[in-house]
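Trainee: Need a 3D model of the following:
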Amino acid sequence: MISLADLKRRIDKGELSPEAALAQSLEVIAAQEKTIGAFAHLAPHPRAQQQGPLRGIAVGIKDIVDTSDMPTQMGAEIYKGHRPRADAPVVMLLKEAGATVAGKTTTTAFAANDPTATLNPHNHAHTPGGSSSGSAAAVAAGMLPLALGTQTGGSVIRPASFCGVAAIKPSYRMLPTVGVKCFSWTLDTVGVFAAGVEDVAVALSAMTSRPELLAPAAKAPKIGVVTQDFAGPAEKAGTDALKIAAAAAEKAGASVRELKMPTLIADAWRIHTTVQQFEAHQAFAWEYRENYDAMPPLLRKRLDESRDIQPADYDEARSVARKARVVLCEIFRDVDVILALSAPGAAPKGLDWTGDPRFNRLWTLMGTPCVNVPAHVAEGNLPIGVQVIADFGDDAKALAVARFLEAALRA
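Mentor: Numbers count the residues shown, from 1 in each chain. Presented below is the predicted three-dimensional model:
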């Protein structure tokens, strides 16, 4: 993989030109893309910028995010050839920081269930996860040092886990979602993929002008391990990953203890789908009503099955979510971060399913920052990650503890 932070250091020192840094990515894309299939569209003539903290850095944009100079087709036939007039604000944040958009990365149709043909770089017989399939795979394959994804259920953290890369789902609305195809306005969150935690921090700091995100690794953090029993059991490989991460953190000097979540937190996990599907019916009203037969079949089936959700159910679900966020804030008074699984286990075999987001849903609903840290490699050379979760707005703390954990796991 290509380290964004390393590229940036070399460029800043004059050891590497922005053009040469960009060329590295383009060479790997040319060599790997035919096999991996991480891109929906490649920029025809990408040029390195000369200014900005991310100059020379090639970035992939998930293909539900508007770009004015490339199609935004959302993995769906309905939008084939669609060309937005303007870049989404999050794309402009990258361009203003000096990054070069190398292409649009593949997404499951409308960032939902219908999968892409993208392969997992670690084992081509397995999914890279979804819905941000191409973004995770492109970083894992060394094609890009940086890529954007989105998460409504588990679409940043889960593919990062499956592909063995670092990623952050920042606090809700740290990155703008204007110009991103909406699935659920209460849940949709733009996230960032890169090779390691420092790389993710450098990118997010440059995009948001937040230097505090570059804080060094935490020292002796207080970590609460949450197994999310209410979400069902993990696979053995997933359980092993969480145990390995917790043991490494404790050995490195962290205070580690298991946390039991209050009933209200489990209730919030259960109502995530109510919020998501109620809002999805409004977000996809035009596609579902005017283009029903052309809708991606798995998403169409999902909408068919959730037509009976009533406004009162939605209102109650939102009330539960609000109360759960207050309770979660209290939990974070006793620990710096929560450590939890990023996925039930390793990437499923085949490309017809992108994996289960049940260990991600709660944290998306809570709006908390989550950082995936690769923790274990299961049979078949398949990575499994864990997620470091901090309180809402404590993205710097989440990254600092994630850097601590990453170093502990490498020791």
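
Trainee: For the host helix or strand of Val192, which strands pair with it and how are they oriented?
Mentor: Element membership for Val192 (DSSP states H and E) is strand 189-194. Applying DSSP bridges, strand 189-194 is found paired with strand 146-151 (antiparallel), strand 166-169 (antiparallel).

Trainee: can you redo these as CSV with distance to Leu298?
Mentor: (Each C-beta comes from the backbone N, C-alpha and C, glycine too.) Converted to CSV, the strands paired with strand 189-194 look like this (distance: least, CB to CB, whole Å):
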stretch, distance to Leu298
strand 146-151, 18
strand 166-169, 23
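
Trainee: Determine the number of other residues adjacent to Ala378.
Mentor: 18 (other CB atoms under 10 Å).

Trainee: about what we covered before: quick one: average pLDDT of the strand holding Val192?
Mentor: Here strand 189-194 scores 98 as its mean pLDDT.

Trainee: List the buried residues of it.
Mentor: By neighbour count on 16 or more other CB atoms under 10 Å, the buried set for strand 189-194 is Thr189, Val190, Gly191, Val192, Phe193, Ala194.

Trainee: Identify the farthest-apart pair in those.
Mentor: Farthest-apart pair in the buried residues of strand 189-194 is Thr189 and Ala194; separation 16.7 Å (CB to CB).

Trainee: what are the ranges of the helices in the stretch 201-350 of the chain?
Mentor: 236-251, 263-283, 285-290, 297-305, 311-331 (DSSP state H, counting those that start in this stretch).

Trainee: so the spatially closest residue to Leu16 that is not a sequence neighbour, which of the three states?
Mentor: Leaving out its chain neighbours, the residue that sits closest to Leu16 by CB to CB, 6 or more residues apart in numbering is Arg10, at 4.0 Å. Assigned with DSSP: H, G, I helix; E, B strand; the rest coil, Arg10 falls in the helix class.

Trainee: Count residues in the vicinity of Arg10, would you?
Mentor: Counted with other CB under 10 Å, Arg10 comes out at 16.

Trainee: Just the C-alphas of stretch 47-60, formatted as CSV.
Mentor: Only the C-alpha atoms of stretch 47-60 are listed here, as CSV (Å, rounded to 0.1, in the frame of the first residue of the first chain):
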residue,chain,number,x,y,z
ARG,A,47,-2.6,16.4,-13.3
ALA,A,48,-0.8,17.0,-10.0
GLN,A,49,-1.4,20.4,-8.3
GLN,A,50,1.6,22.4,-7.0
GLN,A,51,-0.1,23.9,-3.9
GLY,A,52,-1.8,22.5,-0.9
PRO,A,53,-1.0,19.9,1.8
LEU,A,54,-2.3,17.1,-0.4
ARG,A,55,-0.5,18.1,-3.6
GLY,A,56,0.6,15.0,-5.5
ILE,A,57,-1.9,12.8,-3.7
ALA,A,58,-4.2,10.7,-5.9
VAL,A,59,-7.7,10.2,-4.5
GLY,A,60,-10.6,8.1,-5.5
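
Trainee: Dump the helices of the stretch 201-350 of the chain into CSV; add mean pLDDT as well.
Mentor: Output for those, formatted as CSV (pLDDT from 0 to 100):
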stretch, mean pLDDT
helix 236-251, 98
helix 263-283, 98
helix 285-290, 97
helix 297-305, 97
helix 311-331, 98
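
Trainee: Can you tell me which of these is nearest to Thr72?
Mentor: That would be helix 285-290 among the helices of the stretch 201-350 of the chain, by CB to CB, at 14.3 Å.

Trainee: So what touches the closest one?
Mentor: With contacts defined as CB atoms under 8 Å, 6 or more residues apart in numbering, helix 285-290 is touched by Ala76, Ile78, Phe110, His281, Ala294, Met295, Arg300, Leu303.

Trainee: quick one: the first one and Leu299, what's the gap?
Mentor: The spacing between Ala76 and Leu299, counted by CB to CB, to the nearest Å, is 9 Å.

Trainee: okay, and the common contacts of the two?
Mentor: Ala109, Phe110.

Trainee: So Met366 sits against Gly393, correct?
Mentor: No - using CB atoms under 8 Å, Met366 makes no contact with Gly393, being 11.8 Å away.

Trainee: I'd like to know how far the spatially most central residue of the chain sits from Gly345.
Mentor: In the chain, the centroid-proximal residue (CA atoms, centre = their mean) is Val156; its distance is 1.7 Å. Applying CB to CB, the value for Val156 to Gly345 is 18 Å.

Trainee: returning to what we had before: could the buried residues of strand 189-194 go into CSV alongside distance to Ser133?
Mentor: Listed next are the buried residues of strand 189-194 as CSV, based on distance: CB to CB, whole Å:
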residue, distance to Ser133
Thr189, 17
Val190, 16
Gly191, 14
Val192, 16
Phe193, 11
Ala194, 16
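
Trainee: out of the residues you listed, who's nearest Thr105?
Mentor: Phe193 (9.2 Å).

Trainee: Next, the buried residues of stretch 400-411.
Mentor: So, applying 16+ other CB under 10 Å, buried residues of stretch 400-411: Ala400, Val401, Ala402, Arg403, Phe404, Leu405, Glu406, Ala408, Leu409.

Trainee: from the middle of its chain, how far away would the host helix or strand of the fifth one be?
Mentor: When you say that, I think you mean Phe404. In the assignment (DSSP H and E), Phe404 maps to helix 395-410. Remark: helix 395-410 is offset 17 Å from the chain centroid, using CA atoms, centre = their mean, to the nearest Å.
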